[in-house]
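>>> Starting from these lines, generate the structure:
(3 chains)
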Amino acid sequence: MENIKSLYKDLYKIYGDVGKWWPGTSEEIFVSAVLTQNTNWKNVEKALENIYKYTNSKNILKDLHNFSQQEIAELIKPAGFFNLKAKRLKNLLSFLSNFDFNIEKLKNLDETFLRNELLKIKGIGKETADSILLYALNKPFFVVDAYTKRIIDRMYGIKEKNYDKVQKIFYEAYPRDTDLYQKLHGLIVEHAKSKCKKIPLCSFCELSLKCLFHTST
DNA sequence: CACCAGGCCCTAT
DNA sequence: ATAGGGCATGGT
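Purely as a prediction, here's the structure:
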(Lines give C-alpha, C1' and ligand atoms only; values in the text may rest on other atoms or scores of the structure.)
Protein backbone atom coordinates (compact mmCIF):
# COMPACT_ATOMS: atom_id res chain seq x y z
CA MET A 1 0.00 0.00 0.00
CA GLU A 2 1.34 3.34 -1.02
CA ASN A 3 1.22 4.89 2.39
CA ILE A 4 4.08 6.54 4.16
CA LYS A 5 3.34 4.29 7.11
CA SER A 6 4.60 1.33 5.12
CA LEU A 7 7.85 3.07 4.13
CA TYR A 8 9.83 1.55 6.98
CA LYS A 9 8.88 -2.04 6.32
CA ASP A 10 9.14 -1.59 2.55
CA LEU A 11 12.72 -0.35 2.86
CA TYR A 12 13.48 -2.89 5.56
CA LYS A 13 12.66 -5.65 3.08
CA ILE A 14 15.43 -4.38 0.84
CA TYR A 15 18.12 -3.26 3.25
CA GLY A 16 17.31 -5.01 6.50
CA ASP A 17 18.39 -3.66 9.88
CA VAL A 18 20.74 -0.70 9.43
CA GLY A 19 21.09 -0.25 13.18
CA LYS A 20 21.96 3.17 14.51
CA TRP A 21 23.40 4.02 11.07
CA TRP A 22 25.22 7.29 11.85
CA PRO A 23 28.80 6.20 12.61
CA GLY A 24 30.93 7.34 15.50
CA THR A 25 30.68 8.07 19.19
CA SER A 26 28.32 10.72 20.52
CA GLU A 27 31.21 13.18 20.72
CA GLU A 28 32.18 12.50 17.12
CA ILE A 29 28.61 12.89 15.92
CA PHE A 30 28.46 16.47 17.22
CA VAL A 31 31.36 17.24 14.92
CA SER A 32 30.32 15.21 11.88
CA ALA A 33 26.80 16.65 12.04
CA VAL A 34 28.29 20.05 11.23
CA LEU A 35 30.91 18.80 8.80
CA THR A 36 28.38 16.94 6.68
CA GLN A 37 26.26 20.00 5.93
CA ASN A 38 25.75 19.95 2.18
CA THR A 39 28.83 17.76 1.88
CA ASN A 40 29.59 14.27 0.70
CA TRP A 41 30.28 11.92 3.61
CA LYS A 42 33.54 10.79 2.01
CA ASN A 43 34.92 14.29 2.44
CA VAL A 44 33.70 14.38 6.01
CA GLU A 45 35.67 11.22 6.73
CA LYS A 46 38.88 12.81 5.50
CA ALA A 47 38.31 15.79 7.76
CA LEU A 48 37.56 13.51 10.69
CA GLU A 49 40.81 11.64 10.10
CA ASN A 50 42.71 14.90 10.45
CA ILE A 51 40.85 15.69 13.64
CA TYR A 52 41.63 12.27 15.09
CA LYS A 53 45.31 12.90 14.49
CA TYR A 54 45.33 15.93 16.70
CA THR A 55 42.80 15.08 19.40
CA ASN A 56 42.43 12.46 22.07
CA SER A 57 39.61 10.13 21.11
CA LYS A 58 38.32 10.36 24.68
CA ASN A 59 38.09 14.15 24.57
CA ILE A 60 37.55 15.20 20.99
CA LEU A 61 35.21 18.03 21.91
CA LYS A 62 37.30 19.43 24.72
CA ASP A 63 40.47 19.13 22.65
CA LEU A 64 38.93 20.79 19.63
CA HIS A 65 37.68 23.60 21.82
CA ASN A 66 41.30 24.47 22.54
CA PHE A 67 42.10 24.97 18.87
CA SER A 68 41.65 28.33 17.21
CA GLN A 69 39.12 28.80 14.46
CA GLN A 70 41.95 28.96 11.93
CA GLU A 71 43.49 25.75 13.22
CA ILE A 72 40.19 23.94 13.02
CA ALA A 73 39.65 25.28 9.51
CA GLU A 74 42.99 23.81 8.49
CA LEU A 75 42.05 20.40 9.89
CA ILE A 76 38.63 20.21 8.27
CA LYS A 77 39.61 21.51 4.86
CA PRO A 78 38.64 18.34 2.98
CA ALA A 79 35.04 18.73 4.15
CA GLY A 80 34.64 21.99 2.26
CA PHE A 81 33.22 25.32 3.48
CA PHE A 82 36.01 25.05 6.04
CA ASN A 83 36.04 28.66 7.25
CA LEU A 84 32.29 28.62 7.73
CA LYS A 85 32.25 25.23 9.41
CA ALA A 86 35.16 26.12 11.67
CA LYS A 87 33.10 29.02 12.98
CA ARG A 88 30.07 26.82 13.40
CA LEU A 89 32.08 24.22 15.27
CA LYS A 90 33.47 26.89 17.56
CA ASN A 91 29.93 28.08 18.25
CA LEU A 92 28.79 24.54 19.04
CA LEU A 93 31.86 23.80 21.18
CA SER A 94 31.34 27.02 23.08
CA PHE A 95 27.81 25.90 23.88
CA LEU A 96 29.02 22.48 24.94
CA SER A 97 31.65 24.01 27.22
CA ASN A 98 28.79 25.25 29.37
CA PHE A 99 28.14 21.61 30.17
CA ASP A 100 31.82 20.70 30.55
CA PHE A 101 31.50 18.68 27.34
CA ASN A 102 29.60 16.14 29.38
CA ILE A 103 27.05 14.43 27.15
CA GLU A 104 25.14 13.07 30.11
CA LYS A 105 24.39 16.56 31.33
CA LEU A 106 22.79 17.34 27.98
CA LYS A 107 20.75 14.17 28.04
CA ASN A 108 19.26 15.16 31.35
CA LEU A 109 17.79 18.36 29.95
CA ASP A 110 14.26 18.66 28.69
CA GLU A 111 14.30 17.54 25.05
CA THR A 112 12.30 20.40 23.61
CA PHE A 113 14.27 22.94 25.61
CA LEU A 114 17.52 21.43 24.41
CA ARG A 115 16.40 21.49 20.79
CA ASN A 116 15.58 25.18 21.09
CA GLU A 117 18.96 25.83 22.67
CA LEU A 118 20.73 24.03 19.84
CA LEU A 119 18.78 26.04 17.28
CA LYS A 120 20.00 29.26 18.87
CA ILE A 121 23.57 28.37 17.92
CA LYS A 122 24.58 30.09 14.72
CA GLY A 123 25.20 27.41 12.15
CA ILE A 124 22.98 24.77 13.74
CA GLY A 125 19.75 24.47 11.80
CA LYS A 126 16.86 22.08 12.23
CA GLU A 127 18.41 19.15 10.44
CA THR A 128 21.72 19.42 12.25
CA ALA A 129 19.97 19.85 15.60
CA ASP A 130 17.75 16.85 15.02
CA SER A 131 20.72 14.77 13.84
CA ILE A 132 22.53 15.58 17.07
CA LEU A 133 19.45 14.87 19.16
CA LEU A 134 18.66 11.60 17.41
CA TYR A 135 22.11 10.12 16.92
CA ALA A 136 24.36 11.71 19.53
CA LEU A 137 21.82 11.94 22.34
CA ASN A 138 19.36 9.19 21.39
CA LYS A 139 16.34 11.46 21.59
CA PRO A 140 13.26 10.76 19.42
CA PHE A 141 13.50 13.53 16.82
CA PHE A 142 13.03 12.63 13.17
CA VAL A 143 15.68 13.95 10.81
CA VAL A 144 14.39 15.44 7.58
CA ASP A 145 17.01 15.76 4.87
CA ALA A 146 17.11 16.26 1.12
CA TYR A 147 16.76 12.51 0.63
CA THR A 148 13.66 12.35 2.79
CA LYS A 149 11.96 15.00 0.71
CA ARG A 150 13.03 13.35 -2.51
CA ILE A 151 11.71 9.96 -1.47
CA ILE A 152 8.29 11.10 -0.29
CA ASP A 153 7.98 13.02 -3.54
CA ARG A 154 8.99 10.09 -5.74
CA MET A 155 7.11 7.44 -3.82
CA TYR A 156 4.00 9.26 -2.70
CA GLY A 157 3.90 12.40 -4.79
CA ILE A 158 4.24 14.55 -1.67
CA LYS A 159 5.85 17.78 -2.86
CA GLU A 160 6.17 19.38 0.58
CA LYS A 161 9.57 20.99 1.12
CA ASN A 162 8.97 22.79 4.43
CA TYR A 163 11.03 21.10 7.15
CA ASP A 164 8.45 21.30 9.92
CA LYS A 165 5.63 20.11 7.71
CA VAL A 166 7.57 17.13 6.41
CA GLN A 167 8.61 16.25 9.94
CA LYS A 168 5.00 16.48 11.05
CA ILE A 169 4.02 13.99 8.37
CA PHE A 170 6.42 11.48 9.89
CA TYR A 171 5.41 12.25 13.46
CA GLU A 172 1.81 11.56 12.52
CA ALA A 173 2.67 8.35 10.71
CA TYR A 174 5.14 6.90 13.21
CA PRO A 175 5.32 6.70 17.00
CA ARG A 176 7.93 8.70 18.91
CA ASP A 177 10.61 6.05 18.95
CA THR A 178 14.33 6.80 18.87
CA ASP A 179 15.36 3.40 17.58
CA LEU A 180 12.73 3.53 14.83
CA TYR A 181 13.73 7.04 13.73
CA GLN A 182 17.41 6.14 13.63
CA LYS A 183 16.72 3.15 11.43
CA LEU A 184 14.11 4.78 9.23
CA HIS A 185 16.27 7.79 8.47
CA GLY A 186 19.19 5.46 7.79
CA LEU A 187 17.09 3.34 5.46
CA ILE A 188 15.92 6.40 3.56
CA VAL A 189 19.46 7.65 3.01
CA GLU A 190 20.78 4.23 2.10
CA HIS A 191 18.01 3.83 -0.42
CA ALA A 192 18.47 7.27 -1.92
CA LYS A 193 22.25 6.91 -2.08
CA SER A 194 22.17 3.44 -3.53
CA LYS A 195 20.99 4.49 -6.98
CA CYS A 196 19.15 7.78 -6.93
CA LYS A 197 21.45 10.32 -8.44
CA LYS A 198 19.64 12.49 -10.86
CA ILE A 199 16.21 13.76 -11.16
CA PRO A 200 13.65 13.43 -12.60
CA LEU A 201 13.25 9.72 -11.97
CA CYS A 202 15.20 7.02 -10.27
CA SER A 203 14.59 3.76 -12.07
CA PHE A 204 15.66 1.89 -8.98
CA CYS A 205 12.92 3.41 -6.88
CA GLU A 206 10.32 2.57 -9.46
CA LEU A 207 11.46 -1.00 -9.69
CA SER A 208 11.56 -1.30 -5.94
CA LEU A 209 8.12 0.13 -5.60
CA LYS A 210 6.62 -2.19 -8.16
CA CYS A 211 8.38 -5.08 -6.56
CA LEU A 212 7.20 -4.11 -3.11
CA PHE A 213 3.66 -3.60 -4.25
CA HIS A 214 3.54 -7.01 -5.84
CA THR A 215 5.05 -8.81 -2.91
CA SER A 216 2.91 -7.16 -0.24
CA THR A 217 -0.24 -9.22 0.23
C1' DC B 1 34.19 20.12 -18.68
C1' DA B 2 29.84 20.25 -15.45
C1' DC B 3 27.40 18.78 -11.54
C1' DC B 4 26.65 17.14 -6.99
C1' DA B 5 27.13 16.27 -1.86
C1' DG B 6 23.59 13.51 4.84
C1' DG B 7 22.63 22.80 5.15
C1' DC B 8 22.61 27.20 6.97
C1' DC B 9 22.57 32.17 6.99
C1' DC B 10 21.60 36.42 4.95
C1' DT B 11 19.35 39.39 1.75
C1' DA B 12 15.93 40.89 -1.46
C1' DT B 13 11.39 40.59 -3.13
C1' DA C 1 6.64 33.50 3.22
C1' DT C 2 9.80 32.21 -0.30
C1' DA C 3 13.81 32.43 -3.65
C1' DG C 4 18.50 32.94 -4.58
C1' DG C 5 23.52 33.57 -3.60
C1' DG C 6 27.62 32.34 -0.97
C1' DC C 7 30.34 29.06 1.27
C1' DA C 8 34.68 25.08 -1.03
C1' DT C 9 36.53 20.43 -1.39
C1' DG C 10 36.74 16.01 -3.82
C1' DG C 11 34.27 12.34 -6.53
C1' DT C 12 31.95 10.93 -10.80
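>>> Give me the pLDDT for A:K58.
Note for A:K58: predicted pLDDT of 89.
>>> Could you check how far it is from A:L48?
According to CB to CB, to the nearest Å, A:K58 and A:L48 sit 16 Å apart. C-beta: built from backbone N, CA, C; applies to glycine.
>>> Compare these two and say which is more crowded by neighbours.
Counted by other CB atoms under 10 Å, A:K58 and A:L48 do not tie: A:L48 has more neighbours, with 23 against 9.
>>> Confirm for me that the more buried one is in contact with A:S32.
Yes - assessed by CB atoms under 8 Å, A:L48 is found in contact with A:S32 at 6.3 Å.
>>> any common contacting residues for those two?
Shared contacts of A:L48 and A:S32, defined by CB atoms under 8 Å, 6 or more residues apart in numbering, comprise A:G24.
>>> mind checking pLDDT for the residue of chain A found nearest DNA strand B?
Proximity to DNA strand B, evaluated over chain A using CB to the nearest atom of the strand, is greatest for A:G125 at 2.3 Å. Listed pLDDT for A:G125 reads 98.
>>> burial measure for it, as a count.
Neighbour count of A:G125, defined by other CB under 10 Å: 15.
>>> Secondary structure element holding the closest residue in space to it that isn't next to it in sequence?
Excluding its sequence neighbours, the residue lying closest to A:G125 (CB to CB, 6 or more residues apart in numbering) is A:L119, at 7.4 Å. Following DSSP states H and E, one finds A:L119 within helix A:111-120.
>>> was I right about A:D63 contacting A:N56?
Yes - between A:D63 and A:N56 there is a contact under CB under 8 Å: 5.6 Å.
>>> Those two: who's more crowded?
Legend: neighbour count by other CB under 10 Å for A:D63 and A:N56, higher for A:D63 (17 against 9).
>>> contacting residues around the more buried one?
Contact analysis of A:D63 by CB under 8 Å, 6+ apart lists A:Y54, A:T55, A:N56.
>>> Tally up the residues packed near the closest residue to A:Y147 other than its chain neighbours, please.
Of all residues not flanking A:Y147 in the chain, A:A192 sits nearest, at 3.7 Å (CB to CB, 6+ apart). If you count neighbours by other CB under 10 Å, A:A192 ends up with 21.
>>> wait, what's in contact with A:A192?
A:Y147, A:R150, A:I151 are the contacts of A:A192 under CB under 8 Å, 6+ apart.
>>> Which pLDDT value goes with it?
Note for A:A192: predicted pLDDT of 79.
>>> So it: helix, strand or coil?
helix (DSSP: H, G, I helix; E, B strand; the rest coil).
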